[in-house]
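# I'll drop the sequence and a predicted model, then ask my questions.
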Amino acid sequence: MKSTMQDVPLTVSSILRHVATNHAGRQVITYGGAEPARTTTYGPLEERCGQLANALRRAGVGDDDRVATLLWNNQEHLEAYAAVPAMGAVLHTLNLRLSASQLSFIANHAEDRVIITDSSLVPLLAPVLPGLSTVRVVFVAGGGEVSALEGNGVEIIRYEDALAAESPAFPWAEPDERSAAAICYTSGTTGDPKGVVYSHRSMFLHSMAACTGNALAVEEGDRVLPVVPMFHASAWGLPYAALMAGADLLLPDRFLQAAPLADMIQTHRPTKAGAVPTIWNDLLQFGSSHPDVDLSSISLVACGGAAVPQSLIEGFADRFGVPIIQAWGMTETSPLAAVSRPPAGVAPESDMTYRKRQGRAICGVEMRLTDEAGMPVPRDDRSVGELEVRGPWITGGYYNMDEDSDKFRDGWLRTGDVGHISPDGYLTLTDRTKDVIKSGGEWVSSVELENTIMGHPQVAEAAVIAIPHERWQETALAVVVRTHGSDVTADQLGQWFLENCPAEIPRWWIPKNWAFVDQVPRTSVGKFDKRALRAQHADGDLVVVPN
Ligand code: ADP
C-alpha cells in the first residue's frame, strides 16, 4: 500500500526559504575583535544569498558545479553555505590549515570552478592558485590587498562588488534530494584526503537530528557559537541546524584564541557552542588565571572530534558552571552520530559514568562492533571491537575513489575507531586503529591513559603514543605539557598515577616513559597530532624520561 503523503524533497533550499520566511528577524553576528561586530538578520541574509547566487550564475556556475570556500566562520561563509546548495551547485569547504600541496590536490580533485575567499587569506591562496586547473573565478571578501592573486588567468572579483551588481531575487532550485549539496575532504591524517559528498537529504536529516532534544536541542531561542571551523564537517552541522531552528548564530571569524573567545562569549552571550577539546581546554587554562572570565550564558558546550577528558568536563562545570556534552562523529558521518547525554533518571552526582563516554547513537544512526575477522562483538561494555556505523547521513563511499573497499563492509562504514558498547547503547572509544598501542600482544588504551593523566592538576595537555620496546614490541610514551610554572617530574607523575589509577586501568598500562613539551602538535582541525609525535620520537626530537 502506498502512503498518501506528498513527496516533497528535503533540501537546503527549503531550509533557506524556511528561515527567511519564519525567522527573518533572528540575528547573525560576526565577531570583529577590536573592530565592532557585524550583525545582520536572516531576512536580509536571504537577499544577499540571492545576490550571491546570481553572481555565481554570472560567473558561469551551473548545476553541480563546485563552488569552494576558503573562509573563516563568518557571514560570507554562511551565505555560501546557504546559497550554493540552494542554487543547485555544490559547496566545497576548503580547510585553511592544510598545506599548499594538499589544498591544490583537493581543489583539483573536486574540480572547483569558483573559490570564495577572504582578503586575509590571500597569502595562503596566492601560491596555490597557479596550480588549480579548473578554477575560473575567485571572489574575495574583505577590503585587503588582492594583487597577489592576479596574473593567473583567473578572474578576481571583490565579493561585495559582485553582490552589489545583482538582484536579490533568485529562483531557488528544487533539486533531487539525493543530489550533492556539499563536499568535504577528510583531513588526510592517513594518506591522501578523501572526498565525502553530502546530499540535500542527508544535510536536512542531519540538521533535524542535531536540533532534537537527545542531540544538541537547538531551538529558536538559542544563540549558537560554532567555534569548530565551517571548513570541517560542516561545523558539525551547527550552521544548518541554526538556520532550521531560526536560532541566532554567533560566528567567531578568525578569533579562535582563548582571550578573544572569552570576550566574544561575555559580550554576545551565546547559549550553545561547539568545538574540539583543545579549544575548551585553552579556555579553561585561561579562565584559571583570569578570575573575571564568565561563560555563564552557555547552557551546552558540545565537544568532540577527539576524546573529551573527564577533567575538562569537571573543570568546566566547576570553574564556569557550564555543562560539556560529548559527541562522536567523523567527516564521513556528517558528522553527528552519537551524543553522550546521560539516560533519564540518572542523578547528576553519578552522571559522569555516561558523560565521559562517546555517546549513544542518534535515532537514524546504527552502531555495531566487529572483531578482526569481521564477526560481531557483544554489547557487554567489555568486549572490544572496531566500530561500524550506517544511516542516512553516513557516507557509503568516497568521491571518485576506487580503492576504498576496506572502509566498507556489507553497507556499513568501518570507522577505524576501537571501543566497547554497553547494553544500554553507550559507546566508549579506547583508541583509533592507527593510534593503538599493542604491548606484549595486548591493547593499551591511549585514550584512557590520557584521560587519567590530564586529571593531574599540573598537567595542561597529555597525548600517549606507542614507541618501540625490545621485549613488548610497543610501549606507551606519555607526552605532557605542564601547566604554567609547574616543574612536576616523570617520577611524580608516575607515582601519582599509581595512587590514582582508575579501576578499569590495569597497572601494567601505567606509562614508564614520559616526555615534556611546550605544546602537543595539532592537526589541521586542532586535534592532537599523534602521527607528528611519533615522527618526533623516531627522529630523536623528544627527550624521553623513564621512571
Ligand atoms: P580526522 O580523521 O582527520 O581526525 P575527522 O574529524 O573526520 O578527521 O575525525 C573523525 C575521528 O575523530 C573519529 O574517527 C574519531 O577517531 C575521532 N573522534 C571524534 N569524536 C570523538 C570523541 N568524542 N572521542 C574520541 N574520538 C573522537
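Yep, it's here.

# Show me where the stretch 101-250 of the chain has its strands.
Here the stretch 101-250 of the chain has its strands, by DSSP state E, counting those that start in this stretch, at 112-118, 137-141, 155-158, 180-185, 195-199, 223-226, 248-251.

# Is it correct that residue 187 is in contact with residue 529?
No. Here residue 187 does not reach residue 529: they are 10.1 Å apart, not a contact under CB atoms under 8 Å. For every residue, glycine as well, the C-beta is placed using N, CA and C.

# anything in contact with each of the two?
By CB atoms under 8 Å, 6 or more residues apart in numbering, residue 187 and residue 529 have these common neighbours: residue 523.

# got a list of what residue 462 touches?
By CB under 8 Å, 6+ apart, the contact set of residue 462 is 449, 450, 453, 454, 478, 479, 480, 481, 520.

# Take the residues you listed and keep only those in strands.
Those of these mapping onto strands are 478, 479, 480, 481, per DSSP state E.

# Pull out the buried members of the residues you listed.
Buried members of those, counted by 16 or more other CB atoms under 10 Å: 478, 479, 480, 481.

# tell me which of the contacts of residue 462 is nearest to the ligand?
residue 450 (10.3 Å; CB to the nearest ligand atom).

# ok so, going back, for residue 187 and residue 529, work out which one has more neighbours and name it.
residue 187 (22 against 18; other CB atoms under 10 Å).

# what's near enough to touch the more buried one?
Residue 187 touches 95, 98, 193, 232, 331, 523, 524, 525, counting by CB under 8 Å, 6+ apart.

# from memory residue 518 sits against residue 480, does it?
No. Counting by CB under 8 Å, no contact exists between residue 518 and residue 480, whose distance comes to 10.8 Å.

# Show me whatever sits in contact with both of those two.
By CB under 8 Å, 6+ apart, no residue touches both residue 518 and residue 480.

# For the contacts of residue 462, work out which two are farthest apart.
Farthest pair in the contacts of residue 462 (CB to CB) is 449 and 481. Separation: 15.2 Å.

# Can you say which helix or strand has residue 49 in it?
helix 42-58 (DSSP states H and E).

# Can you give me every residue that contacts the closest residue to residue 207 other than its chain neighbours?
Nearest residue to residue 207 in three dimensions, chain neighbours excluded: residue 240, at 4.1 Å (CB to CB, 6 or more residues apart in numbering). Residue 240 makes contact with 12, 15, 81, 203, 206, 207, 210, 234, according to CB under 8 Å, 6+ apart.

# residues in the stretch 301-450 of the chain within reach of the ligand, list them.
304-308, 326, 328-331, 358, 415-417, 429, 432 (CB under 6 Å from any ligand atom).

# what do you get if the cut-off is 5 Å, keeping everything else the same?
Within the stretch 301-450 of the chain, the positions near the ligand by CB under 5 Å from any ligand atom are 304, 305, 306, 307, 328, 330, 331, 358, 417, 429, 432.

# what helix or strand does the fourth one sit in?
Taking DSSP H and E as the criterion, residue 307 maps to no regular element, lying outside all helices and strands.

# right, and it touches residue 428 too?
No. Counting by CB under 8 Å, residue 307 stays clear of residue 428, with 9.5 Å between them.

# which one of the ones in strands among the contacts of residue 462 is nearest residue 259?
Of the ones in strands among the contacts of residue 462, the one sitting nearest to residue 259 (CB to CB) turns out to be residue 481, at 18.6 Å.

# three-state assignment of residue 283?
helix (DSSP: H, G, I helix; E, B strand; the rest coil).

# Repeat that for residue 363.
coil.

# pLDDT wise, what is it at?
On the pLDDT scale, residue 363 is placed at 98.
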